[in-house]
Every structure is written in C-alpha cells, then in structure tokens.
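K.L.:
A structural model of the following input is requested.
(chains A, B, C and D)
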Number of protein chains: 2
Amino acid sequence: MKAITISDVAKQANVSKSTVSQYLNKRYDYMSEKTKERISQAIEELGYQPNIVARSLKQKSTSTIGVIVANILHAFSTQVIRAIEDICNEQGFHIIVCNADDQPEKEKKYIEMLIAKQVDGLIIFPTGGNMDLYKSMIKKKFPLVFFDRIVEDTPTSTIMLNNEKAINLAVNHLIDKGYERIGIMTTSITRYITPRIERINGYKKALQENNIQINKNYICSIELNEIQNGLKEMLASKSPPQAIIAGNDLTLMEILKYTKEINLTIPKDLAVIGIDDVSFASLFTPPLTTIAQPTFEMGKKAAEILLCKIKEPEFQEETQIYRFEPAIKVRNSC
Amino acid sequence: MKAITISDVAKQANVSKSTVSQYLNKRYDYMSEKTKERISQAIEELGYQPNIVARSLKQKSTSTIGVIVANILHAFSTQVIRAIEDICNEQGFHIIVCNADDQPEKEKKYIEMLIAKQVDGLIIFPTGGNMDLYKSMIKKKFPLVFFDRIVEDTPTSTIMLNNEKAINLAVNHLIDKGYERIGIMTTSITRYITPRIERINGYKKALQENNIQINKNYICSIELNEIQNGLKEMLASKSPPQAIIAGNDLTLMEILKYTKEINLTIPKDLAVIGIDDVSFASLFTPPLTTIAQPTFEMGKKAAEILLCKIKEPEFQEETQIYRFEPAIKVRNSC
DNA sequence: CTGAAAGCGCTTACAG
DNA sequence: CTGAAAGCGCTTACAG
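P.N.:
Below you'll find the model as predicted:
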C-alpha cells in the first residue's frame, strides 16, 4: 500500500509536480481552467492527501505550537488550553499539549522534544526549574510566551492573573462578612512559584490594610497530600481560624474532604473561599464562594501574542507582563 | 539565526554526515572511540538539535499518534487520554489530542489533518458520522482503534465498557434499596451512540428481569441543555420516578443542578445514581453513588493495541471488541 | 571503520 | 501558462 505522492498526481494529470504544487497552494494566478480541472480530478481519483511532514521540512514551519502546562490536574490548565486551541484553530495552527507534572526534568524533555519536532512556538506554564533552557530560547528569539508564572531574569511575554487583587477580593469579602481570624492554604512554595507567593504576600498586605495582625499559624504552604493534615493542625490550635482561603482548586478539594470527614458545617464551623472556580461550586452544600480567573481571555491573549511573534519575528510588545482581573462569585460558603 | 544541521556537526567533527547520523542513532558497531568523542563534542559546541521533521520524512514514521475524542468535556475522555499518554510515553510515542465536539464535520477535518501530518495511528471516539472515512482507513489498513462506541460494518478493534453490566449494577442496587419507580436520563440518541443505546436497553432488560414493568415516561434521552426540563416533566407526572439513573457525568450534573434548584433532598425526595465517577462524588451532600469505569485500563488497552498494530502491520487480534467491567461505588445518594 | 550518493515528498525561484 | 532543477535535513544501502 504505497502512499500516493504529488508525482503520482502529476503523472495522472499530465502536468509537472510544480504545477500540482501551485494548485495545492491555491496559486492559481496563471493556471488554465483545464489544468485545474485535470489536477482536481487526478487528486480525486487517486485519493491523494498531501504529506505535511514534507511540506514542513521545506517550508521550515509546521503550523504547530506546543503548550506545556505545569500540572494538567488544575481545571485552570484545561480551560486555558481550550482557549488557546480555539484561537489557534481560527488561524490554522495546531497544538500539542504536554504535562510537566510539576517536574523540571519532564519539562526539559518536553521542551527539547517539541523543538526537535519543529514547533513554531511554545506557551509554557514554567516549573521554574530550567533557567538555562528558558534563557537559551529567548536568546535565540524562539517564539515563547510564559503563563501563570513569572521567571526572574528571563524577559519574555507573560500572562498572569492579578493575584494580589484576587486575594484582596477574598480577604475583604471575608472581613465584610465579619471574619477576623482568616487562614490561607496553598500548595508548596519550596520552589518559587509566582501565584502562590503573590497570593500569600497579597494576603498579608490585605490583612494589614484592615489592621488585622498577621498570625503565622494561619499561613500554610504544603504539599497537596499534606493539606488535610495541615488544616487539622491549624484547626487544633488555641485560637483556630474562622475562615480559610484555598489557594487553588485542588487545595480547595482537599479542604472540603477534610471538613466533610470531621463533619464541620460550612460556613458555621469554618468559612471557606477558593481561588479558581470549580465545576461543582454552585452544586455544593453550601454553594461555594470562589474567585474566578478569566481563563478564556488569558488563554486567548497568550495564543494571540505567540502567533504574532511567530508571524512577525521582529514583533515588539509594549509590556511584558499582562495582568488579568479576577472576579468574585459570591455564593454561601462564607 | 540559521539552524544548526547535521552537516555543520559533520564539518566541525571532521567526519561525514553519515557518520554523525550513525552516532545519533546509536549505531556504534564499528565506530572508533575517538570519532564518537569528536562528534559528541561538536554537538555540544554547536548546540545541535536533530530535526525530527526531516527524520520523519525519511523514515516515514513520526512516532506520533492522534487521539480524537467525541467530547472532551466528559471527565471520562480526559482520564482515558492520560492513560493513553502514559503508555505512549513509555514507548517513545507522542500524542496529539483533538476534540470533535460531537460534530462529524470536525471529526472529519481532524482525521484528515492528522493523517496529513503522518501520524502513525489513530484512536477515535467516533461520532459515527463519517462511515466512508472510517471504512477507507480500514481498507488501507491504517492503524486504528475505536473507543467507547461501536461503528456498524467497520470491523476494527474497539474498546468498550460493559454497558449492560453497568446499568444492571445501577438498577439492581436501586431495587435492592427498595425503589420501584426507576427512571433513566441520557443525552440525545438521535444519532446512534452505542453507550446510550446499550444503557437504555440494559435498563429495560434489568427491569424485566426483576418483573418491573417498563414505563416509557421514565426514559428520557434528550440534549444536555434540555435535561433539566426533561427531569421537571418526568417529576411532574402522576406517578413520578423515585430514583433516577444519570447516563453520564454531564447528565448527572444537570440533574443535580435541578434538584438543588427546586430543593429536593437526595435521596429522600429523589434517589440518584450516576454512570461515570465524578471528582466531587464523595464530597457531595449526600455522597453520590456511582458506577465507575476502569478508565485507566481502558485507555491503556487502546494504546497497547494501537502500538501493536503500528509495529506489526500484520498484527491480528483474537477479538475485535474488548469489554471492560464497571464497578459500583456505593455512597449515599440512593 | 567511514564516506559518497540517492532519496523521502514537498516548494520555489527561475527559465522559457 | 508550465516545467526542470535544486534543496529542506535527515537516513541508509553500498562501496571501499
């Protein structure tokens, strides 16, 4: 079962390969109607399908971009991917998605693999653990957009949530509701991961602005599988928090599992608010108040910037860091 | 910024392109240590990265497979994708995921695109709307595995849940719990979609086996955005069902939204059981009883079969349809 | 142990 | 309006 190539079509239509190629690329400028028809018929008869790999080699462009997310388990990641895909589709680009699983080694492997596959550009939710690689890509002017995390000393376009605003919204909502002892839980910050750091800093700032003293015991950054233990400890302290802010969706789920396990009533026993909207927020008992990210707009922007960079190698942006505004979805968990 | 090619490396190392290529492909059989070192050093110095597109063209294999899911919004799809990815990774294959969004035209576009990109094989959750295309792939012996849905007259390996067993588990559990008026809701069956059909048929059979009469009003197959209305009607009937089986995760969410809206208490006012486990099942109030699919095993099998077919064009399977067994997760929603 | 040459399936600048 | 030729960056059978 040999594949049909452009030569076969050319032979069948009694023209040269060049002419067939012109036809395929819709460069009809000087092509006679008769020729067009003969070619289209030959293609039909043979069931010819162009080989994009060959075209890519010649054109040095694959019309494909790579997306490497730090952790695909966050609903946030999948929503952003959908948006990126939408925009790329419109412009005839394809995407290959990889999940670094929060491991810099995996991220490295994927970056190298995608570059070897000649993707035209990359959108990365960086683990932060491959500085040399990031830098070398930027030095080579490889089209690159970072997402959700800022990497120091690697100046390239970066799409971010306004994290300070997000946490501010959460803290102030809780304060408005009369809570004073407010805790925050995030996943680990042993590696410097921007949103978590910014959210914790923002949390402190927001409390200070409200003249509430910061209690270290109310701040917990810890591996996901330790969240429940962390919460247990926090609640066991002499003066436990009345409200907890979950730093992201997975953290929120761990918190909810624990409150369920020990039968806490939300918000009476413990108020809860989460950053990232979750699919079941409104179905939950009680419906969960969350801070939602504009995931679609963020993904869209990332794709747009990347495609610009690909199409115009000299493309210069005004800013490097694009901040997007969160919105509070008030329900009944605090 | 011209790309470094194998020629540059050859020049730098003072050997021929052939030798560099041998080195890259680890065919060291007759290569002197000195040569190896010179090459490895040249690669290092130049920061050479092989161009996989060129290799693919020559080798007529991209080590990439395509996965086209009918609808990525089902948690089921994403879980299966993860499993497929795991297996492929182990064997040095990459995957490109596409979402047909339940639209045959999109599916067609993606199949053609992926074939043009020279993927070595395809795993498809078929919409069922592209018979000619499916058939032509099978005729050409293009490596292909269908998933979740059976396509009539297109004999190829297909991975399926034992749907009858799944629904049987649900019906019998409900009957054991004392329910007699049992309803079922699925998304639309205007196009013939195997799991929905099999689940409805299985539902009827299970009722008959228990000598319960089938009430047409208790069976509702309808577009997702009409599920809430459908349930409303069903509950408004003279003798409304006491229990509802949700045909999949998205249907379940719609049902839960509605029960929440009109303040039904589960299971007192209405018992609920869902096919597909959902992330928040155990967090829900009350925790939701579900029928879980062995998503990981199913995805694994699909990948394994496809990779076999790719590696051994003459590969013949014993069976065509692989059935996997569901398991009930008993919680408290019925 | 290593190299020259052909070829994978396209595209494109150029000639006519 | 159309074709011959070169070339994209690799791999591989073969010669030496």
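
K.L.:
Which segments of chain A make up each domain?
P.N.:
As given by automatic domain parsing, the domain ranges for chain A are A:6-50, A:62-161+A:296-326, A:163-292.

K.L.:
which stretch of helix or strand covers the residue in chain A positioned nearest to chain B?
P.N.:
Nearest to chain B in chain A, going by CB to the nearest CB, is A:T285, at a distance of 3.9 Å. The way it works is simple: take the backbone N, C-alpha and C, and place the C-beta from them, glycine included. Secondary structure from DSSP states H and E places A:T285 outside every helix and strand.

K.L.:
number of nearby residues for the residue nearest to it when sequence neighbours are not counted?
P.N.:
Spatially, and ignoring its direct neighbours in sequence, A:T285 is nearest to B:T285 (3.9 Å; CB to CB, 6 or more residues apart in numbering or on different chains). A count of nearby residues for B:T285, using other CB atoms under 10 Å in any protein chain shown, gives 14.

K.L.:
Assess the claim that B:T285 and A:P286 are in contact.
P.N.:
No. Assessed by CB atoms under 8 Å, B:T285 is found out of contact with A:P286, at 9.1 Å.

K.L.:
Need the pLDDT of the residue nearest to A:T285.
P.N.:
pLDDT for B:T285: 93.

K.L.:
try the one 3 residues further on
P.N.:
Confidence at B:L288, expressed as pLDDT, is 98.

K.L.:
All the helices of the stretch 151-300 of chain A, residue numbers only.
P.N.:
Taking DSSP state H, counting those that start in this stretch as the criterion, the stretch 151-300 of chain A contains helices spanning A:163-176, A:194-209, A:227-236, A:249-261, A:295-311.

K.L.:
Let me know which of the ones you listed is the nearest to DNA strand C.
P.N.:
Closest to DNA strand C of the helices of the stretch 151-300 of chain A is helix A:295-311 (CB to the nearest atom of the strand; 14.6 Å).

K.L.:
Show me which residues of the closest one are buried.
P.N.:
Using 16 or more other CB atoms under 10 Å in any protein chain shown as the test for burial, helix A:295-311 gives A:295, A:298-303, A:305-310.

K.L.:
Need the per-residue pLDDT for the closest residue in space to A:D120 that isn't next to it in sequence.
P.N.:
Leaving aside its chain neighbours, A:D120 sits nearest to A:I310 (4.9 Å; criterion: CB to CB, 6+ apart). Per-residue pLDDT puts A:I310 at 93.

K.L.:
Run through the stretch 201-334 of chain A and note the low-pLDDT ranges.
P.N.:
A:318 (pLDDT under 70).

K.L.:
Show me what residue of it gets nearest to DNA strand D.
P.N.:
Counting by CB to the nearest atom of the strand, the stretch 201-334 of chain A gets nearest DNA strand D through A:P313, at 16.0 Å.

K.L.:
which residues sit in contact with that residue?
P.N.:
A:K141 (CB atoms under 8 Å, 6 or more residues apart in numbering or on different chains).

K.L.:
Now it: which helix or strand?
P.N.:
Going by DSSP H and E, A:P313 is not in any helix or strand.

K.L.:
And for A:G66?
P.N.:
Applying DSSP H and E, one finds A:G66 within strand A:64-69.

K.L.:
Are the helix or strand just after that strand and chain B in contact anywhere?
P.N.:
Per DSSP H and E, strand A:64-69 leads on to helix A:75-90 as the next helix or strand towards the C-terminus. Yes. Helix A:75-90 lies within reach of chain B by CB under 8 Å from any CB of the partner chain, at A:78, A:82, A:85.

K.L.:
what's helix A:75-90 packed up against?
P.N.:
When contacts are defined as 3 or more CB pairs under 8 Å, 6 or more residues apart in numbering or on different chains; DSSP states H and E, helix A:75-90 sits against strand A:64-69, strand A:94-99, helix A:295-311.

K.L.:
pretty sure A:K117 is touching A:T62, no?
P.N.:
Yes. With contact taken as CB under 8 Å, A:K117 and A:T62 are classed as touching, separated by 7.2 Å.

K.L.:
Can you give me the pLDDT of A:M1?
P.N.:
Confidence score, pLDDT, at A:M1: 51.

K.L.:
likewise A:M31?
P.N.:
Here the pLDDT value assigned to A:M31 is 76.

K.L.:
Doesn't it belong to a helix?
P.N.:
No. A:M31 sits outside any helix when classified using DSSP: H, G, I helix; E, B strand; the rest coil, being coil.

K.L.:
list the contacts for it?
P.N.:
Neighbours of A:M31 in contact, by CB under 8 Å, 6+ apart: A:19, A:22-23.

K.L.:
Kindly indicate the member of these with the most neighbours.
P.N.:
Tallying neighbours with other CB under 10 Å puts A:Y23 at the head of the contacts of A:M31, with 22 neighbours.

K.L.:
Nearest to DNA strand C: which residue in the stretch 101-250 of chain A?
P.N.:
Of all residues in the stretch 101-250 of chain A, the one sitting closest to DNA strand C is A:Q118 (12.7 Å; CB to the nearest atom of the strand).

K.L.:
For that residue, the count of nearby residues, please.
P.N.:
Other residues close to A:Q118 by other CB under 10 Å number 20.

K.L.:
do A:I219 as well
P.N.:
16.

K.L.:
Over to the one 5 residues further on?
P.N.:
Residues lying near A:L224 (other CB under 10 Å) number 17.

K.L.:
Within range of DNA strand C, give me the residues from the stretch 101-250 of chain A.
P.N.:
Residues of the stretch 101-250 of chain A lying near DNA strand C by CB under 7 Å from any atom of the strand: none.

K.L.:
isn't A:I124 right next to A:F147, touching?
P.N.:
Yes. Applying CB under 8 Å as the test, A:I124 and A:F147 come out as touching, 6.7 Å apart.

K.L.:
Give the helix, strand or coil label for the nearest residue to A:I115 once chain neighbours are set aside.
P.N.:
Using CB to CB, 6+ apart and skipping the chain neighbours, the partner closest in space to A:I115 is B:Q49 (6.1 Å). Under three-state DSSP, B:Q49 falls in the coil class.

K.L.:
Could you pull up the residues touching B:Q49?
P.N.:
B:Q49 makes contacts with A:112, A:115-116, B:4, as judged by CB under 8 Å, 6+ apart.

K.L.:
Quick one: closest of the helices and strands packed on helix A:75-90 to B:K216.
P.N.:
Shortest distance between B:K216 and the helices and strands packed on helix A:75-90, using CB to CB, is found for helix A:295-311: 41.0 Å.

K.L.:
Give me the distance from the helix or strand just after the closest one to the chain's centre.
P.N.:
On the C-terminal side of helix A:295-311, the nearest following helix or strand under DSSP H and E is strand A:321-324. Distance of strand A:321-324 from its chain centroid, counting by CA atoms, centre = their mean, to the nearest Å, is 13 Å.

K.L.:
hey, where'd the strands end up in the stretch 101-250 of chain A?
P.N.:
Assigned by DSSP state E, counting those that start in this stretch, the strands in the stretch 101-250 of chain A fall at A:121-124, A:144-147, A:158-161, A:182-187, A:219-222, A:243-246.
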